[in-house]
Each structure stands twice: as C-alpha cells, then as structure tokens.
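*Asks:* Give the three-dimensional model of this entry:
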Amino acid sequence: MQTQLRKTVLVSVLALGAAVAGHNAHAGPSDNIRWQSVIGIAQINNIVGSGAGAVTGGGIPWSAQDGQVNVNLANGRINFDVRGLVLAAGNSIGTPGTTAQVKGTLVCDTNGSASNGNSIVVDTPLVDLSDDGNAQFYGSIGPLPEACSGEPDVAFLVRLASGRWIANGTVLR
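*Replies:* Numbers count the residues shown, from 1 in each chain. Sure thing, here's the model as predicted:
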C-alpha cells in the first residue's frame with residue numbers, strides 16, 4: 001500500500017513539473033529567454049524549422065567549448081557568444097577552417113503551427129569568428145515577429161554566411 005502511494009505521489013509530482021516546465025517555456029513579449037550553452041552540430045545536414053523557414057545544417061560536424069545566448073523578446077536585443085567553435089572532422093579539424101564570420105539566428109515557431117507551416121527566421125548581422133573559434137554579438141535587431149514571443153518553440157542557431165547552421169543553443173530557460 002505504501003509503495004503504491006509513493007508511486008502515485010511521484011507520478012503527480014512529475015506531471016506537475018512537466019506542466020510547469022511547459023508553461024515556463026512559453027515566452028511572452030516582455031520575457032527574456034536564455035540558452036545556457038552553445039554546442040556544435042553533431043548530425044550534419046540536420047534541418048531545424050519548417051517550410052520556407054527551414055534551416056539546413058552544415059555538411060561537416062562542428063564542436064564548441066561553450067557559449068550562451070540571451071534574447072529580450074520585447075526589444076529584440078540579442079547577446080550571444082560562442083567559444084571554441086571549430087570543425088570536428090576533416091583536414092582542418094580543431095580549427096574554424098576557412099570560416100571567418102558567423103551570425104546568430106532565431107528560428108521561431110519551429111514546427112510552423114502558427115505561421116501557415118513556415119518557421120520565422122531572424123538573423124543578427126555577421127560577426128567575426130576568431131582563429132580560436134570565438135564570436136560574439138551584442139545588439140538589437142529591432143522588434144521581433146509575434147511568432148518569437150507567441151510560440152513556445154524557438155531555437156537559436158549559429159550559422160555560416162551561406163546560411164547553413166553549425167551550432168545551436170542548448171538548455172532553453
């Protein structure tokens with residue numbers, strides 16, 4: 001009997017935690033969202049987003065030592081930094097290779113549910129990528145589309161000038 005009660009309480013606590021976590025993941029227009037770290041792309045050619053807003057991953061794996069991303073949904077201020085973003089395969093492994101610049105990208109409404117099947121893509125300007133794989137952007141890109149604050153499914157990507165993504169924000173808060 002006591003074992004059954006413990007199981008019931010545990011299931012209730014887990015369900016409540018999931019409901020609260022799901023609620024917190026939905027951003028409002030005055031909210032800030034944050035990704036606690038940045039990692040390189042593990043699965044090449046992976047696609048994030050849908051329809052016209054789909055973003056294809058790079059054709060070679062990348063790794064990153066760390067990074068972080070903060071976005072103010074009310075004013076469009078984005079701060080991101082990535083450290084140690086380097087190729088994880090090929091003859092230039094451990095370096096950024098020929099990549100000299102990257103940009104940060106928000107992919108809002110990744111499943112396209114509120115945007116007629118299309119994700120909304122918002123980019124920062126290109127920034128320099130150092131020989132050590134470090135890049136940062138601190139600035140406002142202007143008002144963000146409603147899909148960025150009105151939908152819970154938002155992703156942050158680091159992309160090449162060509163548009164392919166090579167790293168992503170992880171642990172969205």
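*Asks:* Would you agree Gln101 is in contact with Ser130?
*Replies:* No. The criterion here is C-beta atoms under 8 Å, and Gln101 misses it with Ser130 at 10.6 Å. Backbone N, C-alpha and C define where each C-beta goes, glycine included.
*Asks:* ok, now which ones touch Tyr138?
*Replies:* Residues in contact with Tyr138 (C-beta atoms under 8 Å, 6 or more residues apart in numbering) are Ile78, Asn79.
*Asks:* Same check on Leu87?
*Replies:* Leu87 makes contact with Ile60, Pro61, Trp62, Ser63, Ile93, Gly94, Thr95, Pro96, Gly97, according to C-beta under 8 Å, 6+ apart.
*Asks:* Return the members of these classed as buried.
*Replies:* Burial by neighbour count, 16 or more other C-beta atoms under 10 Å: within the contacts of Leu87 this picks out Ile60, Pro61, Trp62, Ser63, Pro96, Gly97.
*Asks:* Just the ones of those in strands?
*Replies:* The members of these that map onto strands under DSSP state E are Trp62, Ser63.
*Asks:* Name the nearest of the buried ones among the contacts of Leu87 relative to Ala114.
*Replies:* Of all the buried ones among the contacts of Leu87, Trp62 has the smallest distance to Ala114: 30.4 Å, by C-beta to C-beta.
*Asks:* That closest one bridge partners, please.
*Replies:* Leu87 (DSSP bridges).
*Asks:* same question, the one 5 residues further on
*Replies:* Per DSSP bridges, the residues bridged to Gly67 are Val82.
*Asks:* list the buried ones in stretch 127-136?
*Replies:* Val127, Leu129, Gly133, Asn134, Ala135, Gln136.
*Asks:* Secondary structure and pLDDT added to those, as JSON lines?
*Replies:* Formatted as JSON lines, those follow (DSSP: H, G, I helix; E, B strand; the rest coil; pLDDT from 0 to 100):
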{"residue": "Val127", "secondary structure": "strand", "pLDDT": "98"}
{"residue": "Leu129", "secondary structure": "coil", "pLDDT": "98"}
{"residue": "Gly133", "secondary structure": "coil", "pLDDT": "98"}
{"residue": "Asn134", "secondary structure": "coil", "pLDDT": "98"}
{"residue": "Ala135", "secondary structure": "strand", "pLDDT": "98"}
{"residue": "Gln136", "secondary structure": "strand", "pLDDT": "98"}
